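1. got a predicted structure plus its sequence, pasted below:
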Amino acid sequence: MENWHKVCELADIPQLGARVVKGKNCDIALFRDAGDRIYALHDRCPHKGGPLSQGIVGNGRVTCPLHGMTIDLEAGRAVSPDEGCTDRFEVKIDQGIVYLLV
Amino acid sequence: MQKLKLVVVGNGMAGMRAVEELLKIAPDLYDITVFGAEPHPNYNRIMLSPVLAGEQKFEDIILNDLAWYEENGIRLHLGKKVLKINRKERVAEAEEGFSVEYDRLLLATGSSPFILPIPGRDLDGVIPYRDISDTQAMIDAAEKYRKAVVIGGGLLGLEAANGLRQRGMDVTVVHLAPWLMERQLDRTAGRMLQRELEKRGLEFMLERKTEALLGKEGRVCGVKFSDGEEIPADLVVMAVGIKPNTQLAESAGIHCNRGIVVDDTMQTFDPKIYAVGECVSHRGTSYGLVAPLFDMAKVCANHLAMMGIGRYAGSYTATKLKVTGVDLFSAGNFDGDEHSEEIVLNDAAGGVYKKITIRDGKIIGAVLYGDTVDGQWYFRMLKEKQDIGELRGHLMFGESHLGNAGHEGRVQASNMTDDMEVCGCNGVCKGTIARAIKEKGLFTLDEVRKHTKASSSCGSCTGLVEQILASTLGGGYSPKTSAEKPVCACTEHTHDDVRCAIRDEKLLSISETMAFMNWKTPNGCATCRPALNYYLISTWPHEAADDPQSRFVNERVHANIQKDGTFSVVPRMYGGITNPKQLHKIADVAEKYNVPMVKVTGGQRIDLLGVKREDLPAIWADLDMPSGYAYGKSIRTVKTCVGTEFCRFGTQDSTGLGIMLEQAFDRMWAPHKVKMAVSGCPRNCAESTIKDVGIIGVDSGWEIYVAGNGGIKAEVSQFFVKVKTREEAMEYSGAFLQLYREEAYYLERTVHWIGRVGLDYAKSRIVENDENRRALYQRLLYALSGERDPWKNIVESTKKPLFESLVVEA
Ligand code: SRM
Ligand SMILES: Cc1cc2nc3c(=O)[nH]c(=O)nc-3n(C[C@H](O)[C@H](O)[C@H](O)COP(=O)(O)OP(=O)(O)OC[C@H]3O[C@@H](n4cnc5c(N)ncnc54)[C@H](O)[C@@H]3O)c2cc1C
Ligand code: SF4
Ligand code: FES
């Protein structure tokens, strides 16, 4: 059964940055963009498994720190011409608290 | 809002590139209508030669398929020629009484082959070489007939002749000039080319003027020359030149002078009408290669988008012949004049010929045959008008790719077979690169990097990839110099533009800079943000904000990320000196945190590898040693030898100076990493001659060498200055580093920066100008003052959020 779980406060995630959540089965990266939207992706680059949470965030994308593949945060998919995708998770913000559906 | 109406006349390479560029920057501004006289979507005209030679199919060379037009909402009229422009009413009138209104009109009508005005030119079997229907006509003829005559021994003629020969025809090339490609090659290179092509079965008749084409029953059967000789021919290809298509513009009263005359914004004399491509005349020049057209397209799109920046200032072009196995390169004015001089290498037996033309200490032209490895290097120096100065003696021997690692030391792409590896980091072969260029329509180094990954990691194979690009695109490739290139796709501005704006406008944050410079993306990307961050903190130390989210992970967490997401910890050991107490501490930490590997690095210190992110702050606290900055664009190590302390040959205290340097500069950020070394005598055990700053002790003082590099491409450093005391050594080294910090582009190592600005320039600012040197040194000391050790900072701060993971609460 999936449920909404509290993870942290919005302020715990730096703008244009990310935090890692230790999930049950895998690490989940929570990204915060300049407009305070939060995106949750499996913290694993489709290329060779790099930790996306450690990448540079901007323009709705994150650049993997290992070999520079760029992943669209909304779609969880590599930006063309690269190919590959990573799992997305549902997140919401309610009164400054971030919740994850896991 | 009602969209503006843009009508494009000409569905070719320049027109569609302008539309692509426009869609990138202003996707919603225009309703776009495109007219193309040919019945095909836009294709890669330069790949007609591989199609003719049977190496590729027409489908492979389509650049924009019909779905692309549809996806972008472009109304496309194929097989419809625009016949008239009514400028008063702003209406373009096409065939079959079809007319469309415009707010802006873009003329991209290309050019037409020139047909000799001689009897018989209308016979069947006489064709030009311009489009796919001409190519198909040649392919069909090759199936039925044997004897082909190509009139014109220039680029197009030779490519046609080669293709027809590969399709089994007997081919004779007739040429008016005394040697082939006389506008691109000098006599010697032209002769070498002829010999090579003769070996492949082509025949040549030089210095022959064609007087008439002979026919039988409406089809060509022979060629007659002015000296009376006649030869048989079943197919005649005319490749004697092109002329810009200006009829349409002229009939509408737009000013033309051989081409449609445009200004630097690609605007014609009618401000509503723009023109790009082979049809234009810009500052009196018309171009016949794709590289300049693409530059025009970019500028034109910018003005159509009403952004009003960007000027087209003309292009330098280089030439390559797209005949597999023929290796030639030419650029600029290789014939020279009475004020120029030449350096020539002529190895007839080895099939290599090189000529470089020089005027006032600058390269103005080059012709290379048989070995074109350095073509792009010469071309870049020509474009940059670089003073060759001390390089003169080395020019012929090339850019010394000798130290290049990762592709078996190979430097010449033309000698490689398709299955040989070009990019050792990503395992990409030559054939894969060439195929991608042809089939995906790639034109630049960046595009090849994106699509194939070749040259996208360490970059040591860049020279090889450029050669493959140049020979596949036949001069359609024009390398951009680092000074011309925008920082990244988020902006039009170059590194110099950004640095100047930050300094002159006193910009203090990334968002301020992006707003001031009209950045195209909301918050930049992983390429521009770290560059901006560096420019800000180096220009305004203690004032500009350092933004951790704009730093690469290594600099954000002060450790090197590894393939499995763990990190490495390298504490400083100044000058490579350690002691039992430090070694104990390192051993204890390694045991306590189960560090999987402890390694002595190539930089004279100890690396703890495989550390978990969460453990980093605790390890730093236990170690209680300064950060070694092994992760940063910053001072890495100052390698030393034992020197006078113990060595029987030592003339100076190298360890002492090394420690002084490392302690003084150790928290210095730089455009790229900086490595130094101090050796105690010319035996040079600290390898000072491959460092960014390398110092060698001699009996009478210290010799300082700069701009060496031991990495991807080994480069020996150059002698900079000799000084007497340690204090002077500190000041000169520090001033050099500060000049580098202030003026190099982000991610440019000292060797590449000095390569760009010249060692003489650095000497003039530092060695020959005492006041300036002291000022530079003072600015460095000011920037470093108060910089705290980053590990200690984190250990002492109460919040360590970057390092800890979050957990899901139940
Ligand atoms: C640890 C070390 C290898 C070793 O075990 O000895 C090392 C390890 C790495 N080097 Fe190096 N280099 C190490 C000495 C060198 C040296 C030798 C030296 O410094 O004396 C060189 C050649 C000298 C030079 O730079 O001029 C060297 C030339 C490079 C280069 C190519 C630089 C160039 O401009 O050509 C890179 C790639 C880059 O920087 O972009 C690189 C990049 C790397 C990176 C950081 C790869 C990366 O970008 O993630 C490696 C990190 C591995 C890890 O997971 O921790 N490493 N690297 C050495 C650390 C020295 C130190 O104590 O700080
Ligand atoms: C065989 C061959 C090999 C080449 N090899 C190379 C090479 O190796 N490297 C290189 O850099 N360059 C090469 N070129 C040159 C390069 O192809 C041209 O520079 C480039 O295609 C010019 O682009 P353009 O858009 O100006 O003209 P084009 O691509 O010719 O496009 C113009 C289009 O406009 C259409 N048109 C004209 N008038 C009208 C009208 N009134 N109404 C509607 N449509 C109209 C034409 O039919 C044509 O389709 C080669 C050219 C040829 C023919
Ligand atoms: S340590 Fe250096 S040479 Fe070794 S694999 Fe990593 S980058 Fe390459
Ligand atoms: S693992 Fe992400 S780019 Fe290679």
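-> Structure's in. What do you need? Ligands and ions are numbered 1, 2, ... in the order given.
2. which residues of chain A lie near chain B?
-> Proximity of chain A to chain B (C-beta under 8 Å from any C-beta of the partner chain) is limited to residues A:5-8, A:12, A:14-17, A:19-24, A:27, A:30, A:33-34, A:48-51, A:54-59, A:61, A:63, A:65-68, A:70, A:81-82, A:100, A:102. Just so you know, the C-beta spots here come from the backbone N, C-alpha and C atoms, and that holds for glycine as well.
3. what subset of the residues you listed is also close to ligand 1?
-> Checked against ligand 1 using C-beta under 6 Å from any ligand atom, these yield no neighbours at all.
4. which ones among the residues you listed map onto strands?
-> Mapping those onto strands (DSSP state E) picks out A:5-8, A:17, A:19-22, A:27, A:30, A:56-58, A:61, A:63, A:70, A:100.
5. quick one, which of the residues you listed are buried?
-> For these, a neighbour count by 16 or more other C-beta atoms under 10 Å in any protein chain shown gives the buried set as A:5, A:7-8, A:17, A:19-21, A:27, A:30, A:56-58, A:61, A:63, A:70, A:100.
6. identify the farthest-apart pair in those.
-> Across those, no pair lies farther apart than A:His5 and A:Thr70, at 29.1 Å, counting by C-beta to C-beta.
7. so how many other residues sit close to residue 99?
-> Defaulting to chain A. Neighbours of A:Tyr99 under the rule other C-beta atoms under 10 Å in any protein chain shown: 19.
8. my question was about chain B
-> Number of residues near B:Ser99 (other C-beta under 10 Å) recorded here: 14.
9. which secondary structure element contains it?
-> Assigned by DSSP states H and E, B:Ser99 belongs to strand B:98-101.
10. what residues of that strand count as buried?
-> Neighbour counts using 16+ other C-beta under 10 Å place B:Val100 of strand B:98-101 among the buried residues.
11. that one pairs with which strands?
-> Strand B:98-101 pairs in its sheet with strand B:91-94 (antiparallel), by DSSP bridges.
12. in the sheet, who's paired with the residue lying closest to B:Gly332 once chain neighbours are set aside?
-> Take B:Gly332 and drop its neighbours on the chain: the residue closest to it by C-beta to C-beta, 6 or more residues apart in numbering or on different chains is B:Gly365, 3.5 Å away. Counting by DSSP bridges, B:Gly365 is bridged to B:Gly332, B:Thr357.
13. what's the separation between A:Gln95 and chain B?
-> 15 Å (C-beta to the nearest C-beta, to the nearest Å).
14. which residues touch that residue?
-> Residues counted as contacts of A:Gln95 (C-beta atoms under 8 Å, 6 or more residues apart in numbering or on different chains): none.
15. next one: it, what pLDDT does it get?
-> pLDDT recorded at A:Gln95 is 94.
16. try B:His407
-> On pLDDT, B:His407 comes in at 67.
17. low-confidence ranges, the stretch 551-700 of chain B, go.
-> Judged by pLDDT under 70, the stretch 551-700 of chain B has no weakly predicted residues.
18. same question, chain B
-> Residues of chain B that meet the cut-off, pLDDT under 70, sit at B:1, B:400-409, B:800-801, B:810.
19. for it, which helix is longest?
-> Taking DSSP state H as the criterion, chain B has its longest helix at helix B:726-743.
20. now do the helix or strand just after that one against helix B:726-743, angle only.
-> Next helix or strand after helix B:726-743 toward the C-terminus (DSSP H and E): helix B:750-757. In terms of direction (axes from the mean of the first three to the mean of the last three C-alpha atoms, to 10 degrees), helix B:750-757 departs from helix B:726-743 by 70 degrees.
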